[in-house]
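Novice: here is my input, please return the structure:
(chains A and B)
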Amino acid sequence: MRGDRASQLVPQARLAGPIPWVIAIMVALTVIAAAGGLALNNLAQTAQSELSGGATVQIVEALPLERSRQAQASLALLLQHPAVVSAARVPDEELEQLLEPWLGVGADREAVPIPALIDVRLRSDATETQLDSLRTLLAEQAPAARIDAQSAWLRPVFSAISSLQWLALALVVLLGLTSAAAVWLAARSALGTNRNTIEVVHLLGGTDSQIARIFQRSVGFDAALGGAAGLALGLIAVFVIGRQFAGLGSGMVAGGGLSWIDWVLLALVPAFGVIIAVLTARVTVMGALRRML
Amino acid sequence: MSPRTGETIAFDNVGLRYGTDREVLSDVSFTLYPGSFYFLTGASGAGKTSLLRLLYLAQRPSRGGISMFGTDVITLPRSRLPAFRRRLGVVFQDFRLVPHLSAFDNIALPLRVAGMREADLAGPVSDMLEWVGLTSRAHARPATLSGGEQQRVAIARAVIGRPDLLVADEPTGNVDPEMALKLLRLFEALNRLGTTVVVATHDVHLLRKVPDSLIMRLDKGRLSDPTGALRYPPRRQMSDIDADAPLPRDGGEF
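Specialist: Predicted structure coming up:
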């Protein structure tokens, strides 16, 4: 008993039944959750790679002339250091713009001394050893210098991103379990509805695998139908949300785009849905059949 | 119970109870030999359907032994039972046709279960439809068939695989006497080809229509066998049986 003839033993509800719709919704939500998780992963990796070799030197000195002298001296020393790829002083105008929301336009520089900032790029990650080496280098010429790794400032952000990634993964797992539970309920319902047919096939010598295959084909087809619809819905949602984030133009958010591998992974979600549905149907039907002689 | 060869089926002190209720079958022992024709009689509630369920392997007994085609089926792993069921033909009292399949597909079901290719199905199924006089109703679904037509589809489905044992539960219960006789002739035709036939019936007039038949009578779950003919039946000459012969066309005129 194989092929279409086998599947005809169970009346095919197709779109009139709940399975395609349940799977469509689950796949759409899974695609959105998985896309969120992948985008966050990309964002974290991009930010990490940009910041891992970065360090910031602050010259915290109230006297402008002395501050400027120490900044110049520090810059010269840093550029000669073999571990430093580049170093550049952040222009005062840029600093004023950054602080404008707090200090207002045209703030008196003398009244509120702003530290001089030097953006440093290192050849490797900004480890504590590297930073200590720079501190020693600047200690004599620029005693007011404070050196920090840029990644340290964003550690709470990375921690939050990591939490969101775990949340996305948990959502994907939960949605998969919910899909399996929905298919289990639908398969049990179909078993009850077709109990007479199953018993007849069983008593005619049908094996458990033969009977299970009838349901697997039916559920598999429904899941493929729902999965395709769910994938289309999910991808449209991800595309629209992606366009909106891209429009923000923020440097950090720009790193959260999806690569082609990510799109392939998202396209595989319905395939996983079909596999989960077919396996669930098989386990459910085989369990019910084992209660018969 | 040690399996015996040469018999279709043998019951040895079989008892059956459902749950903790009293036994519906007690100390049932008999042997069915190939090519024999049996009527199973008894009042309602005597245990006929329970005995038939044991015969077509829908149920295991609570005690005792059953061997089928020389194999002890009580201790047989569940996974090996389908092969034995494929050697049986069952006519259920309520027909149990698959409602959304045509008469053709219902009759073809045992062959499909047995793995026959679609290309090889059409011939045997068409022959069977012709044999039971339903060629013109091949594509009709059970709901559109009369009771007699449904019964003939059920019988055709039971015999298409040329079973070694045919079990029929009240197969003439829903038809008029004339139709009942025609159905009986179908069973006799099959029996002449070597199939052991067991027909459960209330109709005592039917018993006289098959002169060589043996009678199994159940009374409150116990099988009466006053002559010992059930336990030690006369063996039919196997040389009289041509199991490969086609079903005769005169099996019935419907």
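Novice: report the buried residues of stretch A:148-160.
Specialist: A:149, A:150, A:151, A:154 (16 or more other CB atoms under 10 Å in any protein chain shown). Every C-beta, even on glycine, is put in place using the N, C-alpha and C of the backbone.
Novice: longest helix anywhere in chain B?
Specialist: Longest helix in chain B, counting residues (DSSP state H): helix B:177-192.
Novice: can you point out the buried residues in that one?
Specialist: For helix B:177-192, by 16+ other CB under 10 Å, it's B:179-180, B:182-192.
Novice: I'd like those as JSON lines, with distance to chain A and pLDDT appended.
Specialist: As requested, the buried residues of helix B:177-192 are exported to JSON lines (distance: CB to the nearest CB, whole Å; pLDDT from 0 to 100):
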{"residue": "B:179", "distance to chain A": "23", "pLDDT": "75"}
{"residue": "B:180", "distance to chain A": "24", "pLDDT": "81"}
{"residue": "B:182", "distance to chain A": "24", "pLDDT": "79"}
{"residue": "B:183", "distance to chain A": "20", "pLDDT": "81"}
{"residue": "B:184", "distance to chain A": "23", "pLDDT": "86"}
{"residue": "B:185", "distance to chain A": "24", "pLDDT": "86"}
{"residue": "B:186", "distance to chain A": "19", "pLDDT": "82"}
{"residue": "B:187", "distance to chain A": "19", "pLDDT": "88"}
{"residue": "B:188", "distance to chain A": "23", "pLDDT": "88"}
{"residue": "B:189", "distance to chain A": "21", "pLDDT": "85"}
{"residue": "B:190", "distance to chain A": "17", "pLDDT": "85"}
{"residue": "B:191", "distance to chain A": "21", "pLDDT": "89"}
{"residue": "B:192", "distance to chain A": "24", "pLDDT": "87"}
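Novice: which among the buried residues of stretch A:148-160 are in contact with chain B?
Specialist: By CB under 8 Å from any CB of the partner chain, no member of the buried residues of stretch A:148-160 lies near chain B.
Novice: any chance of the residues you listed in a markdown table, with pLDDT too?
Specialist: As requested, the buried residues of stretch A:148-160 are exported to a markdown table (pLDDT from 0 to 100):
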| residue | pLDDT |
| --- | --- |
| A:149 | 86 |
| A:150 | 81 |
| A:151 | 78 |
| A:154 | 75 |
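Novice: looking at the residues you listed, which one is closest to residue B:94?
Specialist: Among these, residue A:154 lies closest to residue B:94 (CB to CB), at 73.8 Å.
Novice: about what we covered before: now the buried residues of stretch A:148-160 as JSON lines including secondary structure?
Specialist: Below are the buried residues of stretch A:148-160 laid out as JSON lines (DSSP: H, G, I helix; E, B strand; the rest coil):
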{"residue": "A:149", "secondary structure": "strand"}
{"residue": "A:150", "secondary structure": "helix"}
{"residue": "A:151", "secondary structure": "helix"}
{"residue": "A:154", "secondary structure": "coil"}
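Novice: still on that earlier bit, report the distance from the longest helix of chain B to the chain centre.
Specialist: Its chain's C-alpha centre and that of helix B:177-192 lie 13 Å apart, by CA atoms, centre = their mean, to the nearest Å.
Novice: how about residue A:262, what does it touch?
Specialist: Contacts here follow CB atoms under 8 Å, 6 or more residues apart in numbering or on different chains; on that basis residue A:262 touches A:35, A:38, A:39, A:42.
Novice: which two among the residues you listed are spaced furthest apart?
Specialist: A:35 and A:42 (10.5 Å).
Novice: the two: which is more packed in?
Specialist: Each of residue A:35 and residue A:42 has its neighbours counted (other CB atoms under 10 Å in any protein chain shown); residue A:35 has more, 24 against 16.
Novice: can you tell me the closest non-neighbouring residue to the more buried one?
Specialist: residue A:238 (4.2 Å; CB to CB, 6 or more residues apart in numbering or on different chains).
Novice: that neighbour and residue A:128, how far apart?
Specialist: 40 Å (CB to CB, to the nearest Å).
Novice: neighbour count winner among the two?
Specialist: residue A:238 (22 against 10).
Novice: any idea which helix or strand carries that one?
Specialist: Using DSSP states H and E, residue A:238 sits within helix A:208-246.
Novice: which strands and helices lie in contact with that helix?
Specialist: Packed against helix A:208-246 by the contact rule (3 or more CB pairs under 8 Å, 6 or more residues apart in numbering or on different chains; DSSP states H and E) you find helix A:3-7, helix A:19-51, helix A:155-193, helix A:195-203, helix A:260-267, helix A:269-289.
Novice: mean pLDDT lowest for which of those helices?
Specialist: The weakest mean pLDDT among those belongs to helix A:3-7, with a mean of 57.
Novice: number of nearby residues for whichever residue of chain B sits closest to chain A?
Specialist: Closest contact between chain B and chain A, by CB to the nearest CB, is at residue B:86 (3.5 Å). If you count neighbours by other CB under 10 Å, residue B:86 ends up with 18.
Novice: residue B:126 now?
Specialist: Using other CB under 10 Å, residue B:126 has 14 other residues around it.
Novice: so which residue of chain A comes closest to chain B?
Specialist: residue A:205 (3.5 Å).
Novice: for that residue, which non-adjacent residue is spatially closest?
Specialist: residue B:86 (3.5 Å).
Novice: next up, the contacts around that neighbour.
Specialist: Contacts of residue B:86 by CB under 8 Å, 6+ apart are A:204, A:205, B:110, B:113, B:114, B:161.
Novice: so what sits against both of residue A:35 and residue A:42?
Specialist: A:258, A:262.
Novice: what's the closest non-adjacent residue to the residue most central in space within chain A?
Specialist: Centroid check for chain A by CA atoms, centre = their mean gives residue A:37 as the closest residue, at 1.9 Å. Spatially, and ignoring its direct neighbours in sequence, residue A:37 is nearest to residue A:168 (3.0 Å; CB to CB, 6+ apart).
Novice: could you tell me which residues make contact with the one you found?
Specialist: Here residue A:168 is in contact with A:33, A:34, A:36, A:37, A:40 (CB under 8 Å, 6+ apart).
Novice: roughly how far does it sit from residue A:35?
Specialist: 9 Å.
Novice: try residue A:208
Specialist: For residue A:208, the distance to residue A:35 (CB to CB) stands at 39 Å.
Novice: over to residue A:176?
Specialist: Taken as CB to CB, the span from residue A:176 to residue A:35 is 15 Å.
Novice: in contact with residue 28, which residues are there?
Specialist: Because you didn't say which chain, this covers chain A. By CB under 8 Å, 6+ apart, the contact list for residue A:28 reads A:229, A:230, A:231, A:233, A:234, A:237.
Novice: hmm, no, I was thinking of chain B.
Specialist: B:11, B:13, B:14, B:15, B:51, B:64, B:221, B:222, B:223.
Novice: pretty sure the second one contacts residue B:30?
Specialist: No. Under the criterion of CB atoms under 8 Å, residue B:13 makes no contact with residue B:30, lying 10.7 Å away.
Novice: pick out whichever of the two has more residues nearby.
Specialist: residue B:30 (20 against 13).
Novice: now that one: which helix or strand?
Specialist: Element membership for residue B:30 (DSSP H and E) is strand B:25-32.
Novice: pLDDT of that strand, averaged?
Specialist: 92.
Novice: list the buried ones in it?
Specialist: Neighbour-count burial for strand B:25-32 [16+ other CB under 10 Å]: B:25, B:26, B:28, B:30, B:31, B:32.
Novice: that one pairs with which strands, parallel or anti?
Specialist: Taking DSSP bridges as the criterion, strand B:25-32 pairs within the sheet with strand B:9-16 (antiparallel).
Novice: and for the spatially closest residue to residue A:103 that is not a sequence neighbour, the neighbour number?
Specialist: The shortest distance from residue A:103 to any residue other than its chain neighbours is 6.2 Å, reached at residue A:112 (CB to CB, 6+ apart). Neighbours of residue A:112 under the rule other CB under 10 Å: 10.
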